Structure formats: C-alpha cells, structure tokens
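> Structure for this input, please:
(one chain, ligands or ions: 1)
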Amino acid sequence: MIYLFKDSALASMECFVDRATLFAFDLDGTLAPIVPDPGNIGIPEAVRKELAILNKSMNVAVITGRSCDDARSHLGISPRYLIGNHGAEGLAEWRMREKEFSRTADSWQDQLTLLLPFNDRHGISIENKGTTLSIHYRYADNIEVAHASILRAIHKLVPRPRRVSGKCIENLIPENAPDKGIALKILMRQAACPKGFFAGDDETDEDVFRLDDENIFTVQIGGKSGSRAKFYLKDQHEITRLLREINKIAKRIKR
Ligand SMILES: [Mg+2]
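The predicted structure is shown next:
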C-alpha cells in the first residue's frame with residue numbers, strides 16, 4: 001500500500017477523480033474515531049463540514065456496519081446513499097430480501113441466548129441490527145475466554161452465518177446478503193458513476209478492497225498490514241485532510 005499523502009499518490013488521486021466518481025466512506029474508524037462505547041461515536045466538526053461540502057457537489061455514499069437509522073443519528077448530513085449492515089440494508093434492489101435476512105438475524109439471536117452460558121455472558125452483548133447481528137465483548141472480564149465461548153456458539157448456529165471479526169466484535173451476516181463491495185458496485189451503477197472512491201478501516205471494508213477494480217480508488221485507514229487497498233492513511237485523524245484534498249479537486253473539476 002502507498003501512503004496517500006505522498007505527492008505522487010495525491011497526484012494519482014487527482015488524475016483518477018472526475019465528475020462521475022461516487023465517493024463512499026465507512027463510518028466508524030473512518031469518518032468518526034473509534035471510541036470505547038460505540039453508542040458515543042461522534043463525527044468531528046471539521047470532518048462533518050468537509051463532508052457536507054463534498055455532498056453538495058458530488059455523489060456521496062456512506063456504507064457502514066451500523067443500521068441505517070443508527071448511522072443517520074450520528075451523521076448530521078444526508079448523503080445521497082446510505083447503506084447499513086455491511087451492505088445488507090438500504091439497497092433498493094435487495095429490499096425484498098431484507099425481511100428474510102432479518103428473520104435469520106432474529107433466529108440467531110434466539111439461538112445465541114441459549115448457546116451462550118449465563119456465566120460466559122458477563123460483558124458480552126448481542127446487538128440485533130435488523131439484517132445482521134453483532135456480538136460485542138469489549139467489556140468481558142476475560143476477553144479471550146469470552147471470545148472463545150462466542151466462537152463456539154457461532155459454530156453451532158443454523159443457518160451458518162458469514163462471520164466477520166472486528167475489534168472485540170463478531171459480526172454475523174446472512175450468507176447470501178450483499179457485502180460492501182457488492183453494495184458499492186450497485187450504487188455506482190445506480191448513480192451512473194463509472195468510477196468509485198472508497199475509504200474504510202476494517203475487515204468488512206476489505207470486501208471493497210478485494211474487488212481490485214481499476215475503477216475504484218481504495219484507501220485503508222490505519223495502514224493495516226495485509227489489506228488489499230491500494231492506498232492508506234496513517235490514522236482516522238487524517239480523514240479531514242483527505243476530505244479537504246478531495247474538495248479542492250472537486251472544485252477544480254466542477255469549473
Ligand atoms: Mg469501520
């Protein structure tokens with residue numbers, strides 16, 4: 001991966017971006033810093049301001065692991081597209097299937113209530129986000145023990161979920177639900193944007209990076225080794241400058 005704030009990398013971003021580019025961003029860890037309690041995330045004012053400017057001049061999407069309602073309550077702006085649940089919520093052409101995903105998530109929640117022994121559940125919480133589930137264990141007394149018992153329980157779930165691990169979180173996604181990569185491609189088609197730009201920080205964002213599509217400019221936040229993104233930023237704080245650079249380019253290409 002190449003550090004995006006190198007002159008040559010910024011020049012390739014400028015070359016890539018045009019009026020028909022869809023700008024998509026993950027939320028937690030990308031637009032907003034990660035905080036111990038995910039309920040308390042906040043988009044820094046400078047980020048919100050730059051995102052609002054971009055949203056006025058270009059096609060903007062937020063593609064997040066949160067439910068759409070939850071994400072909306074933190075965003076403070078209305079992007080043209082908002083996709084929740086790692087891609088499994090908010091895509092017009094998948095709307096009919098969302099009910100089926102929700103039934104699956106409800107069933108996993110019921111099963112997990114029985115599968116996770118009471119003693120192990122201390123500090124573990126199950127978040128039903130509609131079409132997917134997240135199991136949080138950040139507050140477990142013993143993180144490793146909690147994680148092991150969660151993995152044992154997940155292994156017994158019917159139907160088998162697609163499991164995506166994050167920072168003290170296991171996300172359970174219906175096997176046939178669209179992921180962030182599929183979501184971005186669908187949005188690009190809907191918006192009639194042949195090009196896409198995507199910035200994200202964790203495992204579910206790799207579904208976009210893994211597309212390895214020359215028409216998608218990919219930026220990983222944090223510089224995680226093994227990421228399939230082409231470019232990276234050192235940490236979430238650099239997102240403000242990224243948005244400023246994009247807005248400068250957007251201003252030039254609008255002329
Ligand atoms: Mg994230």
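
> Check the offset of stretch 10-27 from the chain's centre.
Stretch 10-27 has its C-alpha centroid displaced from the chain centroid by 17 Å (CA atoms, centre = their mean, to the nearest Å).

> same check, this time on stretch 79-87
Distance, centroid of stretch 79-87 to centroid of chain: 9 Å (CA atoms, centre = their mean).

> Can you tell me what sits against the helix or strand containing residue 150?
Secondary structure assigned from DSSP states H and E places residue 150 in helix 143-155. By CB atoms under 8 Å, 6 or more residues apart in numbering, the surrounding residues in contact with helix 143-155 are 111-112, 115-117, 120, 123-124, 135, 137, 140, 161, 163, 168, 170, 172. Backbone N, C-alpha and C define where each C-beta goes, glycine included.

> out of the residues you listed, who has the most neighbours?
Using other CB atoms under 10 Å as the neighbour test, these are led by residue 135, with 24 neighbours.

> Show me what that residue is bridged to.
Beta bridges link residue 135 to residue 126, residue 170, judged by DSSP bridges.

> wait, doesn't it sit right on residue 126?
Yes: assessed by CB atoms under 8 Å, residue 135 is found in contact with residue 126 at 5.5 Å.

> Where does the closest residue to residue 211 other than its chain neighbours sit, in terms of helix or strand?
Leaving out its chain neighbours, the residue that sits closest to residue 211 by CB to CB, 6 or more residues apart in numbering is residue 181, at 4.9 Å. Using DSSP H and E, residue 181 falls within helix 180-190.

> Tell me which residue in the stretch 1-150 of the chain sits closest to the ion.
As assessed by CB to the ion, the ion sits closest to residue 29 within the stretch 1-150 of the chain, at 3.7 Å.

> mind checking how far that residue is from residue 65?
The gap separating residue 29 from residue 65 is 10 Å, by CB to CB, to the nearest Å.

> related to what we said a few turns ago, and the next element down the chain from the helix holding residue 181?
Next element after helix 180-190 (DSSP H and E): strand 195-200.

> outside of that next one, which residues touch it?
Strand 195-200 is contacted from outside by 16-18, 20-26, 29-30, 63, 180, 184-185, 187-188, 205, 208-209, 213, 215-221, 233, 239, 242, 246, using CB under 8 Å, 6+ apart.

> on that earlier part again, quick check: the residue of the stretch 1-150 of the chain closest to the ion touching residue 220?
No: counting by CB under 8 Å, no contact exists between residue 29 and residue 220, whose distance comes to 10.4 Å.

> More neighbours: which of these two?
Ranked by neighbour count (other CB under 10 Å), residue 29 and residue 220 place residue 220 first, with 26 against 21.

> Give me the spatial nearest neighbour of the more buried one, chain neighbours excluded.
Per CB to CB, 6+ apart, closest to residue 220 is residue 229, 3.7 Å.

> ok, now which ones touch that neighbour?
Taking CB under 8 Å, 6+ apart, we find residue 229 in contact with 1, 205, 209, 218-220.

> same thing but at 10 Å, please
1-2, 4, 198-201, 205-206, 208-210, 212, 216-221, 223 (CB atoms under 10 Å, 6 or more residues apart in numbering).

> mind checking the end-to-end distance for stretch 162-173?
5 Å (CA to CA, to the nearest Å).

> quick one: is that stretch near the ion?
No: shown here: stretch 162-173 not in contact with the ion (CB under 5 Å from the ion), separated by at least 7.6 Å.
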